[in-house]
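**Q** got a sequence here, can you build the structure:
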Amino acid sequence: MAYPDAVLRRGEHVLAHRRPHWRMLVVPALVPPTAAFLAAFLAALATTVPSDATRTALRLALVLLAVLAIAWLAVLPLVRWRCTHLVVTDRRLLVREGVLARESVDVAGATITGVRTRCTGLERALGSGTLVVATVGTEEPWEFSGLGRVERLATMVEGVAADRGGLDRAVTAGSRDEDLGDDLDDHLDELDAFDDDPEPDQEPEPVPAGGRVRRWRSRRSRAARTSR
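**A** Okay, the predicted model is just below:
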């Protein structure tokens, strides 16, 4: 069974199945004609070599280099693009990439606390961008770059998070942090008010006969100085 049907749970439905944007294939598509042109051009220059054996060896080397360049810069990126999946279901977000060694990411909708997109000027013109997903328990958000129609995809992911309670958890956490901040400010204000009130045992020390004035300190300050 093909991906992602093989990893779906009972009752789970696919909302979107995407691969990286087609712009990822522009450079690989230009490699074969470029490599063939360079190999033919250099092979034509090799006709000036007087030895037939050397000329044949150079031509074979040029053909081998062209084949390696096409395999490395064109075929491999195409296979990698074909094996990269981003799937949005009604429960979670699935990402899978890799040809031989595969890596998978499974983000449950209940853990998604924020969704946003990021696009450069060129990406906006091409209709692609980066999907940024914040989740519970991770300091850095997940980033998935090179996606087509990224804004519509972000809307789908946000809808799944809202249905599964992930966004509600983010709102609750934000309210809790705000309440804690208010309580901390109130506590600091109480401490400032307490420090401003003079203590009952604080009395100015008498001025010695020599005319030097020693500033008075509270008992708490003298004890702290003694302990040091």
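**Q** which residues in the chain form helices?
**A** With helices called from DSSP state H, the chain shows them at 26-45, 52-70, 76-82, 121-126, 150-164, 166-196, 219-227.
**Q** so residue 43 sits against residue 61, correct?
**A** No - taking contacts as C-beta atoms under 8 Å, residue 43 lies outside contact range of residue 61: 9.8 Å. C-beta: built from backbone N, CA, C; applies to glycine.
**Q** these two: who's more crowded?
**A** Set residue 43 next to residue 61 and count neighbours by other C-beta atoms under 10 Å: residue 43 wins out with 17 against 14.
**Q** relative to residue 7, how far out is the nearest residue in space to the more buried one that is not next to it in sequence?
**A** With sequence-adjacent residues excluded and distances taken as C-beta to C-beta, 6 or more residues apart in numbering, residue 43 is closest to residue 59, at 4.9 Å. Applying C-beta to C-beta, to the nearest Å, the value for residue 59 to residue 7 is 49 Å.
**Q** neighbour count: those two, which is higher?
**A** Between residue 59 and residue 7, counted using other C-beta under 10 Å, the more crowded position is residue 59 (18 against 14).
**Q** these two touch, right, that one and residue 45?
**A** No - the pair residue 59 / residue 45 is not scored as a contact, 10.5 Å apart, by C-beta under 8 Å.
**Q** tell me how far the residue most central in space within the chain lies from residue 74.
**A** What sits nearest the mean C-alpha location of the chain, by C-alpha atoms, centre = their mean, is residue 143, with 3.4 Å. As for residue 143, its distance to residue 74 is 26 Å (criterion: C-beta to C-beta).
**Q** now do residue 52
**A** According to C-beta to C-beta, residue 52 and residue 74 sit 32 Å apart.
**Q** look at the two and report which has more neighbours.
**A** Ranked by neighbour count (other C-beta under 10 Å), residue 52 and residue 74 place residue 74 first, with 20 against 8.
**Q** for that one, what are its contacts?
**A** By C-beta atoms under 8 Å, 6 or more residues apart in numbering, the contact set of residue 74 is 28, 29, 31, 32.
**Q** and the first one, how many neighbours?
**A** The reference is to residue 28. 18.
**Q** so it sits right up against residue 77, yeah?
**A** Yes - counting by C-beta under 8 Å, residue 77 is a contact partner of residue 28 at 4.4 Å.
**Q** tell me the spacing between residue 164 and residue 7.
**A** Using C-beta to C-beta, residue 164 is found at 18 Å from residue 7.
**Q** buried subset of the contacts of residue 74?
**A** The neighbour-count criterion (16 or more other C-beta atoms under 10 Å) marks 28, 31 among these as buried.
**Q** how about the contacts of residue 74 in CSV, adding pLDDT and distance to residue 105?
**A** Rendered in CSV, the data for the contacts of residue 74 read as follows (pLDDT from 0 to 100; distance: C-beta to C-beta, whole Å):
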residue, pLDDT, distance to residue 105
28, 93, 24
29, 94, 28
31, 95, 29
32, 95, 32
